[in-house]
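>>> Here's my sequence, what's the structure:
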Amino acid sequence: PVSSFITGLTGIDSAMVASAPTFAQLAPDLLARLRGRLFVAHNARFDYGVLKNEFKRLGLHLRARALCTVQLSKKLYPLEHKHNLDALISRHGLLLEGDRHRALTDAELLRQFLRVAQQNQGGETLESAIAELTRLPAWPEGLDPALMDELPETPGVFVCYGEHGLPLYVSSASNVRKEVLAL
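Residues are numbered from 1 along each chain as shown. Have a look, this model is predicted:
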């Protein structure tokens, strides 16, 4: 069932999705479409995380470069206070055709934002910002890169083990992912 909050936000209700395919039915095709592509979303960490967890439930692994257009807006327009999609619509004169919080409408708005950013900032500046925001962090040699996706962005304690299973380093962090990737 679709919650009343989501229905209020998106206009999507339980009846609309009753006969929709399950994620499991769509997953193989979706994974193939995402492979080697740049995943673009406003607040991408949330959307990417939802997809990653759904794929994981099915025993599949999603690993794609992700561009968060909230972070891109902050990088390109640092003097602006708000960077939510409604603020971008207003600030950049984006044309809203359809209902907000619907996939195709919001995707079209992001396409418009990228086009406006390219016009305002120039292609090189935009490409440089995207490259910086989507750069994968360095990963220590010998470690499985899939582990990178498993690191939580929460407080915690972590242990790094040597080749013989002995602890080499123990630490705590307010953001385990950031701390480990900074090693």
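
>>> CA only for contacts and neighbour counts going forward, please
Fine.

>>> At which residues are the helices of this protein located?
Assigned by DSSP state H, the helices in the chain fall at 4-10, 14-17, 23-34, 44-57, 69-76, 85-92, 103-121, 123-134, 176-182.

>>> Identify the residue nearest Lys178 in space, chain neighbours excluded?
Glu153 (7.2 Å; Cα to Cα, 6 or more residues apart in numbering).

>>> measure that neighbour to His81 for me?
24 Å (Cα to Cα, to the nearest Å).

>>> Show me which of the two is the more surrounded one.
Between Glu153 and His81, counted using other Cα atoms under 10 Å, the more crowded position is Glu153 (13 against 9).

>>> In contact with that one, which residues?
Glu153 sits next to 175-178 when contact means Cα atoms under 8 Å, 6 or more residues apart in numbering.

>>> Could you tell me what pLDDT the model assigned to it?
Residue-level confidence at Glu153 comes out at 81, pLDDT.

>>> Tell me which residues touch the residue sitting nearest the centre point of the chain, please.
Centroid-nearest residue in the chain: Ala44, 2.5 Å away (criterion: Cα atoms, centre = their mean). Residues near Ala44 by Cα under 8 Å, 6+ apart: 66-69.

>>> which two from those residues end up farthest apart in space?
Ala66 and Thr69 (9.6 Å; Cα to Cα).

>>> Which neighbours do those two have in common?
40-41, 44.

>>> hey, which helix or strand in this structure has the poorest pLDDT?
Least confident helix or strand of the chain, by mean pLDDT, DSSP states H and E, is helix 176-182 with a mean of 82.

>>> Centroid-wise, who is the farthest residue in the chain?
His164 (35.9 Å).

>>> What does the pLDDT read for it?
pLDDT, read off for His164, is 87.

>>> Next, work out how far apart it and Val180 are.
20 Å.

>>> What of Leu76?
Using Cα to Cα, Leu76 is found at 28 Å from Val180.

>>> what do you get for Val70?
24 Å.

>>> Now do the contacts for Leu72.
Counted by Cα under 8 Å, 6+ apart, Leu72 has contacts 129-130, 133.

>>> Now render the residues you listed as a markdown table, adding pLDDT and distance to Val116.
Formatted as a markdown table, the contacts of Leu72 follow (pLDDT from 0 to 100; distance: Cα to Cα, whole Å):
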| residue | pLDDT | distance to Val116 |
| --- | --- | --- |
| Ala129 | 96 | 14 |
| Ile130 | 96 | 14 |
| Leu133 | 94 | 18 |
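
>>> Neighbour-wise, give me the winner out of the residues you listed.
Counting neighbours by other Cα under 10 Å, Ile130 comes out on top of those with 19 neighbours.

>>> show me the contacts for it.
67, 72.

>>> pLDDT below threshold where in the protein?
137, 140, 142-143 (pLDDT under 70).

>>> returning to that earlier point: nearest to Trp139, of the shared contacts of Ala66 and Thr69?
Using Cα to Cα, these come closest to Trp139 at Ala44, 21.5 Å.
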